[in-house]
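Enquirer: How does the following fold in three dimensions:
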Amino acid sequence: MTTGAPHGTGTDDARRAVAASVRDWSDRLLTLSHSLHDEPETALAEHRSAAKIADLMAAAGFTVTRGVAGLPTALVAERGSGDLVIAFCAEYDALPDIGHACGHNVNGAASVGAAIGLAAVADELGLTVKLIGTPAEEDIGGKALLLEAGAFDDVAAAMMVHAAPDDTVGASSLAIGAWDITYRGAPSHAAVAPWEGVNALDAMTLAHTALGLLRQQLPPGTVVHGIVTDGGQAVNVIPARTAARYEVRAPTLEDLSRVRQKVRACFEAGALATGAELELRVHGRDFAELCQDPYLTDAYVRAAGTLGRTVASRQGEALASTDMGNVSRLLPAIHPTIGYDTGGAKQHTPEFTAYGKSQGADLAVLDGATALALVGAELAGSASQRRRLTDGVAARRARA
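Expert: Sure thing, here's the model as predicted:
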């Protein structure tokens with residue numbers, strides 16, 4: 001294992017080698033992005049997507065482990081043997097019905113490219129480059145599960161870019177938690193003897209109404225939203241079962257914990273008023289707020305600038321939610337957005353999906369890959385940053 005400092009005179013050469021490697025693999029990276037886009041797979045069903053990424057990493061000389069953390073669609077690919085471990089997080093799950101409306105084909109392909117680009121100088125810079133394939137970001141939070149399973153234990157810094165209409169850095173995200181809600185009542189004939197039933201749909205309606213009233217008293221930055229997944233089976237039968245999934249978002253995990261008690265009371269009120277039985281089950285893992293590392297952020301701005309990109313600061317803003325927040329609370333991380341023209345469309349819409357294979361999206365894949373890899377090279381080439389990062393890993397291990 002390489003444990004010494006990298007060659008101080010090799011930094012410029014390393015940057016050129018990183019950029020050249022991404023260019024050399026550009027056709028295969030864009031083929032990957034397009035293929036992910038053409039065959040969208042939802043959370044924990046990303047079997048083809050994960051296989052495509054694993055196969056490409058193996059072709060690039062990485063050692064690939066599939067099915068990590070008991071998740072069939074998670075993977076880890078490694079190359080190099082240095083003491084400084086830099087990880088790139090690849091996302092590849094899509095949304096039901098609207099495909100890659102969050103641009104995860106771009107995110108995933110960019111991280112793959114970053115890992116391949118940085119691996120070209122791994123031996124010179126004393127690095128281990130790690131690609132972590134993280135499924136189910138749109139659902140249960142693959143990164144949180146992989147954290148729990150130890151996939152990030154040796155990682156000194158973790159990075160990814162996220163597809164968006166513009167280039168930004170520094171934003172936070174909202175913490176988020178989800179519940180699966182079920183009300184169980186008693187069926188009866190809706191016309192002949194409705195009074196003999198216990199209406200589970202009424203319970204859901206009352207809870208939904210209570211949540212609407214609660215919103216006036218929710219603090220700024222707090223959001224509650226959900227869908228009803230089962231509202232009954234027949235119009236002439238009092239619904240004996242209803243189900244929903246609700247999410248609560250708040251500025252921090254601590255805020256989330258406080259607000260969630262108020263939200264829970266709304267669901268309990270529905271059960272109390274109707275006599276239905278309430279079941280609340282946590283869905284997936286809570287996502288923490290994103291805490292982006294200042295040095296990595298500045299390094300990314302510098303790297304993106306060399307590619308002709310102007311990156312806007314969103315410091316103090318919260319942009320949606322991501323399980324990258326969980327990673328960022330444990331170790332230095334960044335999650336900038338990589339922009340391209342989407343005709344004004346925002347994420348999570350079919351219109352955004354339509355731009356996922358555009359020339360702008362393709363450039364975002366390659367520029368995102370190059371910029372992230374250049375950040376990795378800068379970290380490895382800085383003695384002070386290298387010490388900060390490796391000391392951070394050692395401190396985490398001491399606390400474990």
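Enquirer: what about the residue nearest to Val198 when sequence neighbours are not counted, how many residues close to it?
Expert: Nearest residue to Val198 in three dimensions, chain neighbours excluded: Gly185, at 3.3 Å (CB to CB, 6 or more residues apart in numbering). C-beta here means a position set from N, CA and C on the backbone, and glycine is covered the same way. Gly185 has 23 neighbours, counted by other CB atoms under 10 Å.
Enquirer: how close does Gly185 sit to Gly376?
Expert: Distance, Gly185 to Gly376, by CB to CB, to the nearest Å: 56 Å.
Enquirer: Which parts of the stretch 251-400 of the chain are helices?
Expert: For the stretch 251-400 of the chain, applying DSSP state H, counting those that start in this stretch gives helices covering 253-274, 294-306, 324-328, 350-353, 359-381, 383-399.
Enquirer: how close does His335 sit to Thr134?
Expert: His335 sits 12 Å away from Thr134, going by CB to CB.
Enquirer: Look at the two and report which has more neighbours.
Expert: Neighbour count, other CB under 10 Å: between His335 and Thr134, Thr134 has more, with 35 against 28.
Enquirer: Skipping adjacent residues, who's closest to that one in space?
Expert: Per CB to CB, 6+ apart, closest to Thr134 is Gly142, 4.2 Å.
Enquirer: Over to Leu29?
Expert: Gly113 (4.6 Å).
Enquirer: wait, doesn't that neighbour sit right on Gly368?
Expert: Yes: using CB atoms under 8 Å, Gly113 is in contact with Gly368, at 7.4 Å.
Enquirer: Pull the contacting residues for Arg79.
Expert: Going by CB atoms under 8 Å, 6 or more residues apart in numbering, Arg79 touches 60-63, 115, 119, 122, 128-129.
Enquirer: How far does stretch 232-242 sit from its chain's centre?
Expert: 37 Å (CA atoms, centre = their mean, to the nearest Å).
Enquirer: now do stretch 348-368
Expert: With CA atoms, centre = their mean, you get 17 Å for stretch 348-368.
Enquirer: swap in stretch 231-247?
Expert: Distance of stretch 231-247 from the chain centroid (CA atoms, centre = their mean) equals 31 Å.
Enquirer: same deal with stretch 327-343?
Expert: That offset, for stretch 327-343, works out to 9 Å (CA atoms, centre = their mean).
Enquirer: now the end-to-end length of that stretch.
Expert: Using CA to CA, to the nearest Å, the end-to-end distance of stretch 327-343 comes out at 32 Å.
Enquirer: State the mean pLDDT of it.
Expert: Mean per-residue pLDDT for stretch 327-343: 98.
Enquirer: Could you report the separation of the closest residue to Ala207 other than its chain neighbours from Leu147?
Expert: Among residues not flanking Ala207 along the chain, Gly270 sits closest, at 3.6 Å (CB to CB, 6+ apart). Gly270 is 34 Å from Leu147, where distance means CB to CB.
Enquirer: for Ala240, same thing?
Expert: In this view, Ala240 and Leu147 are 40 Å apart by CB to CB.
Enquirer: do the same with Gly126
Expert: Relative to Leu147, and taking CB to CB, Gly126 is found at 25 Å.
Enquirer: For His47, which non-adjacent residue is closest in space?
Expert: According to CB to CB, 6+ apart, the nearest residue to His47 is Thr73 (6.0 Å).
Enquirer: and the one you found, how many neighbours?
Expert: 26.
Enquirer: before we move on, back to that, quick one, which of Ala240 and Leu147 is more surrounded?
Expert: Comparing Ala240 with Leu147 by neighbour count (other CB under 10 Å), the higher total belongs to Leu147, at 24 against 19.
Enquirer: Pull the contacting residues for that one.
Expert: By CB under 8 Å, 6+ apart, Leu147 lies in contact with 326-327, 330.
Enquirer: mind checking the SS state of Asp13?
Expert: Recorded secondary structure, Asp13: helix (DSSP: H, G, I helix; E, B strand; the rest coil).
Enquirer: returning to what we had before: ranking by neighbours, what's the top pick from the contacts of Leu147?
Expert: Of all those, Val327 has the most neighbours under the rule other CB under 10 Å, reaching 30 neighbours.
Enquirer: quick one: low-confidence ranges for the protein?
Expert: Residues of the chain that meet the criterion pLDDT under 70 lie in 1-10.
Enquirer: Residue ranges of each domain in it, please.
Expert: Domain assignment for the chain, taken from automatic domain parsing, gives 8-173+289-399, 179-287.
Enquirer: Just name the most buried of those domains.
Expert: Of all the domains of the chain, domain 8-173+289-399 carries the top mean neighbour count, a mean of 21, counting by mean count of other CB atoms under 10 Å.
Enquirer: how far is that domain from where the chain is centred?
Expert: How far domain 8-173+289-399 lies from its chain's middle: 10 Å, per CA atoms, centre = their mean.
Enquirer: can you pull the contacts of Pro239?
Expert: By CB under 8 Å, 6+ apart, the contact list for Pro239 reads 185, 187, 199-201, 231-233.
Enquirer: From those residues, pick the one nearest Pro251.
Expert: For the contacts of Pro239, the closest approach to Pro251 (CB to CB) belongs to Gly231, at 32.3 Å.
Enquirer: So the closest residue in space to Leu71 that isn't next to it in sequence: helix, strand or coil?
Expert: Nearest residue to Leu71, sequence neighbours excluded (CB to CB, 6+ apart): Pro135, at 5.9 Å. Classification of Pro135 by three-state DSSP places it in coil.
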